[in-house]
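In: Predicted coordinates and the sequence they were generated for:
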2 protein chains.
Amino acid sequence: MVQIPEQPAPSLPAQRSVPTSADVARVAGVSRATVSYVLNNTGAVRISEPTRRRVHQAARDLGYVPHAAARSLRAGHSRMVLMPAPTVPAGPLYSQFFNELQWALSRLDYTVVQYGSVGLQGDEAARAWAELRPVAVLVPGSGLGPQGVAVLKRSGARAVVTLGPERVEGAHALLMDHSIVGRCAGAHLLARGRRRVGVVMPEDPELELFSKPRLEGVRQALHGQDATVTEVPLAYEEEAAAQLAKGWRSLGLDAVFAYNDEYAMLLMRALKDEGVRIPDDTAVIGADDLMLGRLLRPRLSTVHIELPSGQELAELVDRAVRAAGAVPETHEVLGATVVHRAST
Amino acid sequence: MVQIPEQPAPSLPAQRSVPTSADVARVAGVSRATVSYVLNNTGAVRISEPTRRRVHQAARDLGYVPHAAARSLRAGHSRMVLMPAPTVPAGPLYSQFFNELQWALSRLDYTVVQYGSVGLQGDEAARAWAELRPVAVLVPGSGLGPQGVAVLKRSGARAVVTLGPERVEGAHALLMDHSIVGRCAGAHLLARGRRRVGVVMPEDPELELFSKPRLEGVRQALHGQDATVTEVPLAYEEEAAAQLAKGWRSLGLDAVFAYNDEYAMLLMRALKDEGVRIPDDTAVIGADDLMLGRLLRPRLSTVHIELPSGQELAELVDRAVRAAGAVPETHEVLGATVVHRAST
DNA sequence: TTGAAAGCGGTACCAT
DNA sequence: ATGGTACCGCTTTCAA
């Protein structure tokens, strides 16, 4: 076997390492400054058309791609908006909201990046995020404390926005109080004449963030109404639902708020198999207004949830970035309305 | 109203700008080099314990967070693994896979980042990604061409891995050929004695990536078997399903592969409402093996899909990064098995 | 054990 | 119209 030494192609220099603007300059026969002016279309400086062409040509030939880190290091800032990547499967509702947001932000010339923060606790995660020096940070859920906000701001984040149950000192807040979902459901059941209301509590601890406020909302709606609220723990498994259904009558409930439509479907199936009539014996209401609720029989009543538009949030972020240091805004953004169908 | 001029707290210098390692050095009374040694636990250099303490103290006091861009600029590489953020709501299957992957990669000391690439076409997106100089890029779906792979590699990416229907020149490939899902479903229906098979084609163009290969798989399974395959377009809406069901009998189908469990549920409901008996008149099979299939009546037969473990993919990435330049691996990773229930 | 200084890849000011 | 150059924050030789 003949050893053929690796020869660089004669036409272009041996491109083993990443081309830099200096390489482009060398090939084009100009200075690095000129390369920068041309590639960034710097308005304040006029570069002759032939030179521009040579620079562009050289950049293309070399496959030059600017180095974001170097650029933002020099500039002292970036246009990166950072969010933690969701750790729990996002429903269609949230996915759509997030896509909208992403689209709107890129329209405003921001770069959206989701940071995979598995195993990092709140303020510890904040340090990791801060290393990237994002211009803005969007944090869904709770878990980011005032400390974390402070770290981010001290690291140059011009806007920190939380989307969650409560305000955090120093951050803009999109308050998403899920108790309103429970209140809607509770009020509806009450209006339908139900008094002994169960509330399904998913056993997945990740969901407590939503399930607890929803439960609390039901409590609020039924408070002082000669009605009872009963927590009904349920794992998202057929067997668990069957067990629950078996003892259902002994719970003496005439209605149940099933956390969301998926748990509602799980429970309804088990109840039906047990001969519990819906809504006669037990009314069932879900939440999220998923397609599947319309397909169930009886059709599932549900709480339709309205998230803020991604467009609006994007504008809030942009405003906050421009007017950094302004007093943080707080918006109540969760809307909820009952969609009454046959199951209640 | 008395104007109170903003005074910096006297204890610490006015922290308007972001603290750097030089600030830490100044406060600790050491050089920047020493700060770097201490904070990175550099093994080759011994720093006295009192000095270490002073540095750590200063860093904490200032709220110092290292600048990732500066660090990786100097180092010449990063540990960032980049993926495009999904643009279509990810199901529980994919979400779990992705969480596993993320976790496994962070165990290997990589940082996982999802880049929001809305409105960017394949190779154009690749340039944007390349600006971040990730050490590895993971691209689900098609859309990245050999050009894009080349751009990424020239920009220093030591591994490019595609997860999709086909190999891409220069990149490692996790081949996910969804035709196997259709083949499974087709073979199953055939074995159940069905010969006139419909295949639901979602109208969402984002889903073509999966629906076309699945259709093709059904065709393969039924080829030369005196059976027919009929495409059945369907939008994910109740009304569309009702319309389809109305003309169902005239289609003369004795079985249908419904793309996935959600479309199956939509279709089954409409068929039932129209008095079409399942499985007697028409057998229905879905895919993805979602919980909801078990809750339908009749219980939904489905194609259970097996994705690679996130752990395995993480190891592939790590191997590829270490042995950059090695010949790209190709793995066939999609498993599919029929789960036979009552609907077929 | 610690410090001085070069340099990573760009940008922008100041000359020419 | 272009080039020279200082500098962004950090790591890492090399010297002291």
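Out: Cool, the structure landed.
In: ok, now how distant is A:Ala323 from A:Pro308?
Out: Note on A:Ala323: its distance to A:Pro308, by C-beta to C-beta, to the nearest Å, is 19 Å. (Glycine included, C-beta is placed from N, CA and C.)
In: same deal with A:Phe210?
Out: Distance of A:Phe210 to A:Pro308, computed by C-beta to C-beta: 16 Å.
In: same check, this time on A:Gly170
Out: According to C-beta to C-beta, A:Gly170 stands 21 Å off from A:Pro308.
In: A:Asp280 now?
Out: Per C-beta to C-beta, A:Asp280 is found 38 Å from A:Pro308.
In: wait, A:Ala28 sits on A:Arg53?
Out: No. At 9.2 Å, A:Ala28 and A:Arg53 do not qualify as touching, with contact defined as C-beta atoms under 8 Å.
In: Going by how many neighbours each has, rank those two and give me the top one.
Out: A:Ala28 (22 against 12; other C-beta atoms under 10 Å in any protein chain shown).
In: residues touching the residue nearest to A:Gly63 when sequence neighbours are not counted, list them.
Out: Excluding its sequence neighbours, the residue lying closest to A:Gly63 (C-beta to C-beta, 6 or more residues apart in numbering or on different chains) is B:Arg154, at 4.6 Å. Applying C-beta atoms under 8 Å, 6 or more residues apart in numbering or on different chains to B:Arg154 gives the contacts A:15, A:18-19, A:63, A:65, B:130.
In: I'd guess A:Gly286 is in a helix, am I close?
Out: No. A:Gly286 is assigned strand when assessed by DSSP: H, G, I helix; E, B strand; the rest coil, not a helix.
In: ranges for the helices of the stretch 101-250 of chain A?
Out: Here the stretch 101-250 of chain A has its helices, by DSSP state H, counting those that start in this stretch, at A:122-131, A:146-154, A:179-191, A:208-222, A:238-246, A:248-251.
In: Of these, which stretch is the most buried?
Out: Highest mean neighbour count of the helices of the stretch 101-250 of chain A: helix A:179-191, a mean of 23 (counted as mean count of other C-beta atoms under 10 Å in any protein chain shown).
In: Can you spell out which helices and strands pack onto it?
Out: Secondary-structure packing of helix A:179-191 (3 or more C-beta pairs under 8 Å, 6 or more residues apart in numbering or on different chains; DSSP states H and E): strand A:196-202, helix A:208-222, strand A:255-257, strand A:283-287, strand A:301-306, strand A:335-339.
In: which other helices and strands contact the shortest one?
Out: Spelled out, it's strand A:255-257. Counting contacts by 3+ C-beta pairs under 8 Å, 6+ apart, strand A:255-257 is packed against helix A:179-191, strand A:196-202, strand A:283-287.
In: Please report how far the residue nearest to A:Gly63 lies from DNA strand C.
Out: The spacing between B:Arg154 and DNA strand C, counted by C-beta to the nearest atom of the strand, to the nearest Å, is 11 Å.
In: Pull the number of nearby residues for A:Ala44.
Out: Neighbour count for A:Ala44, taken as other C-beta under 10 Å: 5.
In: same check, this time on A:Pro165
Out: Here the number of neighbours of A:Pro165 (other C-beta under 10 Å) works out to 18.
In: now swap in A:Glu206 and tell me
Out: 12.
In: For DNA strand C, see how far away the nearest residue to A:Gly119 once chain neighbours are set aside is.
Out: Distances taken as C-beta to C-beta, 6+ apart put B:Ser106 closest to A:Gly119, at 6.6 Å, once the chain neighbours are dropped. Look at B:Ser106 and DNA strand C: by C-beta to the nearest atom of the strand, they are 25 Å apart.
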